[in-house]
Structure formats: C-alpha cells, structure tokens
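Novice: the following block contains a protein sequence and its predicted model.
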Amino acid sequence: MGTLGRLTGFVLGLAVVFAAALAAGSWWGPTLATPVAHEDEPAHTTAAGHGDDTPADHPPGGLMRSQDGYSLDLAAPTAEAGADVPLSFTVTGPDGTPHTAYDVEHGKRLHLIVVRRDLTGYQHVHPRLDAADGTWSTEVDLEPGTWRVFADFVVTDGPALTLGTDLTVPGRVPLVDPLDGDTTTTEVDGYTVELAGDVVAGEDAELTLTVSRDGRPVTDLQPYLGAYGHLVALRDGDLAYLHVHPHESADAGPDIRFTAEVPSRGQYRLFLDFRHEGRVRTASFDVTAVQR
Ligand SMILES: [Cu+2]
C-alpha cells in the first residue's frame, strides 16, 4: 500500500502533503506527498498488494519539515507553557526567503495543527500572515512536553504541503496513558459523538460520526470552513498526518460521513472538528487499523 492515505472521492485529503485541491470544496488537505490529484485514479486499485507494508510511494504528510523546496521554520524552537502563548513561524520558499503567496483552501491560507507528541492537547488554528515579511502568527495553549506543529497549505502555483516540526515546552511532563484499544463514543462539551466503521490499512474506510446531545440527534450542525466536519488522523508513534473532509452532504447532521484511507496498520487518534451553535468543538477517537 503505500501511500499514506489516499482519500478518494471528494473529500479527503490525506494529510500529508496536501495534494492539490481536487474536487471543489472537498478537502483541504490531502495528504499525498506531492500535489498529485487522485481524482483520476480509481478509488482503489488493487486491494491485493496492500497486504504488506511496502514503502509508500508518497510519504505520509507531516513527517517532514522540508519538502519540495519549502521549509517550516519556527521563530523559536522552544516556548513557555501557558494559555494563549504566541507562536510564530515562516515557510521558507525555494529562494530561501519567507514565502507569502498561498491559495485559500477551506477558507484559509494556512491551517495549523498543534498537538503534543503523546497525542494530547490538539488544537487547530488559523494564523495571521504578515504579508510584508512572511511571518505567520497565532496563539496556542501549551503544556510542558514535545509538541508537533503541522502547517497545512497550498503554495500559489506550487505544491500542496503539510510540513511538520517539533516545538519543545520545558517543564515537568505528565505521564499520559498510551493509546490502547478503540473508542466508539466520546463526550465533548455535553455532546456525544459516536464513531462507526472499521479502518483498514490501504483501503478506503467509510466512517460515520454521529452527533447527539441529551440523547437527541443534532440536525443543525453548522458548516465550519466549508464542511460539516473536519477529521484529522494522526498515527501513534510518528504522528503521520491525514486530513479528511466529509462527503458532500445536504444534511446538517446528525451523521457526518467520511472516506479515509490510512497507510498502515496500527493505532491512530482521530480528531473531529464540528460546529454547532456558533462554536467549534473537537471530539477525539482512537482506532486500530487492521491489515486485511
Ligand atoms: Cu484549518
């Protein structure tokens, strides 16, 4: 199998490198290592051959700090723990200077995911660009530990990329339980989100996330960045990044459906962003991808 995930259809993007945008409105972060659109490919070629862990023809997104001439450079490799901690960075282009021209994908020129390496503390934010010097700035909440910072963007007339780099936050790092087993129901801010569907390495998986509150289905979800849900999958151990957008749907819930393909067996943590009553919430799930 190889690739990290190719999401098919309209929607998905694997994360890794954001592939160029394919279908309108479907996803913003595809994941393939190169901006190759997969829309012309059959959703799957042979499932056979996915049975072994051959090297991917495209590396998963987010594993590299530099790719195709572009590099993610944090202003500082460390930051203090706290709430609303300033974080700034540049994306250096092939000419060695901070890049300033980006395409808007899913409503933003750059999507920043920040998560601690133990898969806690997930945040999805949209930094501001200083067009004069190419510096991106935002604020994030940080606790001690090593964090992974992913920048997901499309260079104008250039590649779609997801670059990742580490950020160290000094301090006493709490012990966090390792991922173990699968989660099918998560509670967040009074909402219950259920996950149905199996994840199979190298194959498209249909995932359905169902949102309810107080036992009643939520049927008035609000679009967030052009979709009723955004799903990011991170692989346990190396944080390979996969961003998946939902199927086009006229229904504002309670079901949000995705097609996702993960590159290998193993454990992943999924983060679903959904919007309701004006607020974006994030529900997380652990899944184990099996190999058929
Ligand atoms: Cu975003």
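Specialist: On my side now, so go ahead.

Novice: low-confidence stretches in this protein?
Specialist: Along the chain, segments meeting pLDDT under 70 span 1-57.

Novice: where exactly do the helices run in it?
Specialist: Taking DSSP state H to define them, one finds no helices in the chain.

Novice: quick check: beta-bridge partners of Arg279?
Specialist: Using DSSP bridges, the beta-bridge partners of Arg279 come out as His276.

Novice: from Ala240, how far off is Arg128?
Specialist: 28 Å (C-beta to C-beta, to the nearest Å). The C-beta positions use only the backbone N, C-alpha and C, and glycine is treated the same way.

Novice: who has more neighbours out of the two?
Specialist: Between Arg128 and Ala240, counted using other C-beta atoms under 10 Å, Ala240 has the larger neighbour count: 28 against 12.

Novice: backbone dihedrals for that one, please?
Specialist: Main-chain torsions, Ala240, degrees, to the nearest 10: phi -50, psi 140.

Novice: spatially nearest residue to it, not counting backbone neighbours?
Specialist: With sequence-adjacent residues excluded and distances taken as C-beta to C-beta, 6 or more residues apart in numbering, Ala240 is closest to Pro60, at 3.5 Å.

Novice: count the neighbours of the one you found for me.
Specialist: 31.

Novice: got phi/psi on it?
Specialist: phi -60, psi 160.

Novice: looking at it, Ala101 is touching Val155, isn't it?
Specialist: Yes - between Ala101 and Val155 there is a contact under C-beta atoms under 8 Å: 6.9 Å.

Novice: who's more crowded, those two?
Specialist: Val155 (20 against 13).

Novice: how close does the more buried one get to His230?
Specialist: 21 Å.

Novice: just Asp118 next, same as before
Specialist: In terms of C-beta to C-beta, Asp118 sits 22 Å off from His230.

Novice: one more: Ala205?
Specialist: 17 Å.

Novice: more neighbours: those two, which one.
Specialist: His230 (28 against 19).

Novice: do I have it right that that one meets Val280?
Specialist: No - counting by C-beta under 8 Å, His230 stays clear of Val280, with 9.2 Å between them.

Novice: so what sits against both of the two?
Specialist: By C-beta atoms under 8 Å, 6 or more residues apart in numbering, His230 and Val280 have these common neighbours: Tyr224, Asp273.

Novice: next, the buried residues of stretch 226-235.
Specialist: By neighbour count on 16 or more other C-beta atoms under 10 Å, the buried set for stretch 226-235 is Gly226, Ala227, Tyr228, Gly229, His230, Leu231, Val232, Ala233, Leu234, Arg235.

Novice: including distance to Val287, could these go into a markdown table?
Specialist: Formatted as a markdown table, the buried residues of stretch 226-235 follow (distance: C-beta to C-beta, whole Å):
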| residue | distance to Val287 |
| --- | --- |
| Gly226 | 25 |
| Ala227 | 20 |
| Tyr228 | 20 |
| Gly229 | 16 |
| His230 | 17 |
| Leu231 | 11 |
| Val232 | 13 |
| Ala233 | 8 |
| Leu234 | 11 |
| Arg235 | 11 |
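
Novice: looking at those residues, which is nearest Tyr70?
Specialist: The closest of the buried residues of stretch 226-235 to Tyr70 turns out to be Val232 (C-beta to C-beta; 20.4 Å).
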